[in-house]
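A.B. asks: Here's my sequence, what's the structure:
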Amino acid sequence: MCFNPQLKSFRLVNKTGNEVRITNFGAAVMQILVEDKYGIKGDVVTGYDTPEEYLSGDPFFGATVGRFANRIANGKFPIGDIIYNVEKNDGENHLHGGPGGFNNVFWHGEEIAFNGSPAVKMTYTSKDGEEGYPGTLKVTVIYSWTNDNELIIDYSATTTKKTVINLTHHSYFNLKDGGNSKITDHHIRINADYFIPVGDNLIPTGAILPVKGTPMDFTTMKPVGAHINEDDEQIKLGRGYDHTFVISGDKGTLNIAAEVYEPETGRVLTVFTDQPGVQFYTGNFLDGSQSGHNGSTYHYRNAFCLETQHYPDSPNQAHFPSTILEPGEEYTQKTIYKFSTR
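C.D. replies: Below is the predicted model of the structure:
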């Protein structure tokens, strides 16, 4: 394997000895090691053993995604009277910032102390016109790892031109073994009374529908697999869950987005965010072609994502919360992935 001088990795260890590894390629989380209810440390995310493997591996394992997470219909969107065209990399649509998105670039990384916790500060400047987006965007992502086993992600950005922005974190979780088994026996509660239905190619229809009476109802904790194979149009379109849920609570403040419990290990993941939505994805396109930590092979539904973000295709859906960023403004976002045991 060739050495790349641009590649760096960082290791954050808290007072309990639990740790997070991060690489500057894609500002990606490589590994999260936390204890189970027996005190045994284990990995809870998919990923690779070396930073070099991220150059040719799954483009979203643990990555920072942008400029616009999720999908933009037909690879275009308006800002005022101007139509901007971005690259179509998901059929006729634009996905996760395009092939040259933030997950596929080198960030500048440095270890810092942040609010009393070990942290890594990642910065990247996206030039005006990169992937078709207007404005030079300066982005900062700070990962901090607390003694309470919280991975706190603080995002900020400024732009030189009016643009759109929607950043998210894309770790694939498996609280049992980091991706060696199905996640359908994990239990999940999603703090959402509504979800965003999709049509063909997983583009939102524009509706916002109640979860009650549908397989999307996770308002009380239940197994991920309870309804994942039902004869339901939304389930069929996503090949499982690949949908944005509208988080309940005061907008712009930290709310619980979801809580996941793995019965065998007792591990719990609680996700907090100030974003309006969370994309719940059940690894429906993992196909066994990727091998990661210690030779692990990641198969269909062996991991899940909880991607905190604005709604998909928001620039083309005027009634969705705005993703516009103006010059002179600052985009901020905070998401917390907290690990505990039960």
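
A.B. asks: what ranges do the strands span in the stretch 151-300 of the chain?
C.D. replies: Counting by DSSP state E, counting those that start in this stretch, one finds strands in the stretch 151-300 of the chain at the ranges 163-164, 168-170, 187-190, 192-196, 209-210, 222-223, 242-247, 255-261, 267-273, 277-281, 290-291, 297-298.

A.B. asks: Residue 182 and residue 303 touch, don't they?
C.D. replies: No: if you go by Cβ atoms under 8 Å, residue 182 and residue 303 don't touch, sitting 9.5 Å apart. (C-beta placed from N, C-alpha, C; glycine too.)

A.B. asks: Between those two, which is the more surrounded one?
C.D. replies: Between residue 182 and residue 303, counted using other Cβ atoms under 10 Å, the more crowded position is residue 303 (27 against 17).

A.B. asks: measure that one to residue 211 for me?
C.D. replies: To residue 211, residue 303 is 23 Å away according to Cβ to Cβ, to the nearest Å.

A.B. asks: What of residue 28?
C.D. replies: Residue 28 is 31 Å from residue 211, by Cβ to Cβ.

A.B. asks: Looking at these two, which one has more neighbours?
C.D. replies: residue 28 (29 against 18).

A.B. asks: hmm, back to that, so which of the strands of the stretch 151-300 of the chain comes closest to residue 99?
C.D. replies: strand 168-170 (15.2 Å; Cβ to Cβ).

A.B. asks: Tell me which strands the closest one pairs with, and in which orientation.
C.D. replies: strand 63-65 (antiparallel) (DSSP bridges).

A.B. asks: what element comes up after the strand it pairs with heading to the C-terminus?
C.D. replies: Later in the chain than strand 63-65, the nearest helix or strand by DSSP states H and E is strand 71-72.

A.B. asks: If we ignore the residues flanking it in sequence, what's nearest residue 92?
C.D. replies: residue 74 (5.8 Å; Cβ to Cβ, 6 or more residues apart in numbering).

A.B. asks: Run through the residues that contact that neighbour.
C.D. replies: When contacts are counted by Cβ atoms under 8 Å, 6 or more residues apart in numbering, residue 74 touches 88, 92-93.

A.B. asks: Repeat the analysis, applying 10 Å as the threshold.
C.D. replies: Neighbouring residues of residue 74 by Cβ atoms under 10 Å, 6 or more residues apart in numbering: 85-86, 88, 91-94, 201, 203, 313, 316.

A.B. asks: now swap in residue 250 and tell me
C.D. replies: By Cβ under 10 Å, 6+ apart, residue 250 lies in contact with residue 274.

A.B. asks: gap between it and residue 276?
C.D. replies: Per Cβ to Cβ, residue 250 is found 11 Å from residue 276.

A.B. asks: Report pLDDT for the residue nearest to residue 272 when sequence neighbours are not counted.
C.D. replies: Of all residues not flanking residue 272 in the chain, residue 336 sits nearest, at 4.2 Å (Cβ to Cβ, 6+ apart). Reported pLDDT at residue 336 in the predicted model: 98.

A.B. asks: I'd say residue 336 and residue 153 touch.
C.D. replies: Yes: using Cβ atoms under 10 Å, residue 336 is in contact with residue 153, at 7.4 Å.

A.B. asks: so what's in contact with the two at the same time?
C.D. replies: With Cβ under 10 Å, 6+ apart as the test, residue 336 and residue 153 both reach 144, 273, 308.

A.B. asks: could those residues go into a markdown table alongside pLDDT and neighbour count?
C.D. replies: Output for the shared contacts of residue 336 and residue 153, formatted as a markdown table (pLDDT from 0 to 100; neighbours: other Cβ atoms under 10 Å):
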| residue | pLDDT | neighbour count |
| --- | --- | --- |
| 144 | 98 | 23 |
| 273 | 98 | 28 |
| 308 | 98 | 27 |
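
A.B. asks: any idea which of these is closest to residue 7?
C.D. replies: Checking the shared contacts of residue 336 and residue 153 one by one against residue 7 (Cβ to Cβ), the nearest turns out to be residue 144, at 21.9 Å.

A.B. asks: ok, the closest one - contacts?
C.D. replies: 12, 14, 20, 112-121, 150-154, 336.

A.B. asks: If we use 8 Å, what do you get?
C.D. replies: Residue 144 neighbours (Cβ under 8 Å, 6+ apart): 12, 114-115, 117-119, 151-152, 154.

A.B. asks: Over to residue 227?
C.D. replies: With the criterion set at Cβ under 8 Å, 6+ apart, residue 227 makes contact with 215, 235.
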